[in-house]
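A.B. asks: would you be able to build a 3D model of this:
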Amino acid sequence: MKLIFTSLFFVLFINHQTVKKTYLFDYFLEYEEKKTGDKFFILINSKDPSYYYWGYNNYFEKRIGFIHDDNSDSSYKIAYKNHNNSVQFTYLESIKVKKSNYVNPYVIQSNTDKKDSLNTNLTAFAYYKKIRKKHSRKIEATFENCELKMPFEIFNHLTHGTFTDKPIAIPKGILIYFSVDYTNGVILKYSMTNKKNIKTQLNIPQ
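C.D. replies: Sure thing, here's the model as predicted:
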């Protein structure tokens with residue numbers, strides 16, 4: 001997936017219908033996995049972490065993304081494509097969020113420390129129940145210090161639901177690196193490859 005931006009603004013095109021809700025975004029962040037080259041990007045509002053847009057392009061679905069909103073009973077499926085060096089979005093459908101009966105089996109231990117004046121590190125271990133002899137997952141992340149509030153659901157999503165119903169405090173700032181060690185030989189390592197300040201809105205039709 002390669003997105004091209006010639007300015008700090010997105011040009012967005014949404015189906016011309018009565019607007020149900022408007023989402024504002026001021027940050028674009030893109031990440032890439034070190035070995036596989038898989039990429040995804042997110043749009044966020046630095047002052048309101050209750051929602052975000054997540055976009056990806058893989059062999060499951062091409063150029064598809066979703067708006068996740070903590071204050072809505074639906075998520076919104078939205079396709080995207082490059083259009084004259086900007087990004088064109090097309091609303092596809094609203095999807096009711098079903099209540100999950102998932103019971104998180106993990107006990108979480110986490111800590112943060114300032115790497116330097118610019119970055120803060122987070123390390124978290126997930127153990128099955130109260131047996132803490134050997135962790136099942138290890139998560140490491142680095143945040144670039146600033147006032148931006150990363151949506152916690154993004155962090156949880158990146159770790160395949162490790163923190164579902166068991167949220168931890170994450171540092172303020174921009175997530176610039178994270179890794180997930182599943183202790184079975186699989187270690188995913190993502191680094192931020194693109195960061196832009198933007199000024200745009202995305203409208204959800206009725």
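
A.B. asks: strands along the chain, start to end?
C.D. replies: Counting by DSSP state E, residue ranges of the strands within the chain are 19-33, 39-45, 48-56, 64-69, 74-83, 86-96, 106-114, 119-128, 137-144, 174-181, 187-205.

A.B. asks: run a quick neighbour tally on the closest residue to residue 181 other than its chain neighbours.
C.D. replies: Leaving out its chain neighbours, the residue that sits closest to residue 181 by CB to CB, 6 or more residues apart in numbering is residue 138, at 4.2 Å. Quick note: C-beta positions are derived from backbone N, CA and C, even for glycine. Using other CB atoms under 10 Å, residue 138 has 16 other residues around it.

A.B. asks: gap between the most centrally placed residue in the chain and residue 51?
C.D. replies: Closest to where the C-alpha atoms of the chain average out (CA atoms, centre = their mean) is residue 154, at 3.5 Å. As for residue 154, its distance to residue 51 is 11 Å (criterion: CB to CB, to the nearest Å).

A.B. asks: and if you look at residue 65?
C.D. replies: Relative to residue 51, residue 65 is positioned 13 Å away (CB to CB).

A.B. asks: same deal with residue 79?
C.D. replies: Residue 79 sits 18 Å away from residue 51, going by CB to CB.

A.B. asks: neighbour-wise, which of the two wins?
C.D. replies: residue 51 (22 against 15).

A.B. asks: how about the more buried one, nearest residue that isn't a chain neighbour?
C.D. replies: residue 69 (4.2 Å).

A.B. asks: re the thing from before, hang on, the residue nearest to residue 181 packs against residue 178?
C.D. replies: No: using CB atoms under 8 Å, residue 138 makes no contact with residue 178, being 11.2 Å away.

A.B. asks: let me know the outermost residue of the protein.
C.D. replies: Within the chain, the residue lying farthest from the chain centre (CA atoms, centre = their mean) is residue 133, at 30.8 Å.

A.B. asks: local confidence estimate at that one?
C.D. replies: pLDDT recorded at residue 133 is 71.

A.B. asks: ok, back up a step: any chance of the strands of the chain in CSV with distance to residue 164 and mean pLDDT as columns?
C.D. replies: Output for the strands of the chain, formatted as CSV (distance: least, CB to CB, whole Å; pLDDT from 0 to 100):
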stretch, distance to residue 164, mean pLDDT
strand 19-33, 21, 89
strand 39-45, 19, 90
strand 48-56, 16, 90
strand 64-69, 14, 92
strand 74-83, 16, 86
strand 86-96, 18, 87
strand 106-114, 9, 92
strand 119-128, 11, 94
strand 137-144, 13, 96
strand 174-181, 14, 94
strand 187-205, 18, 91
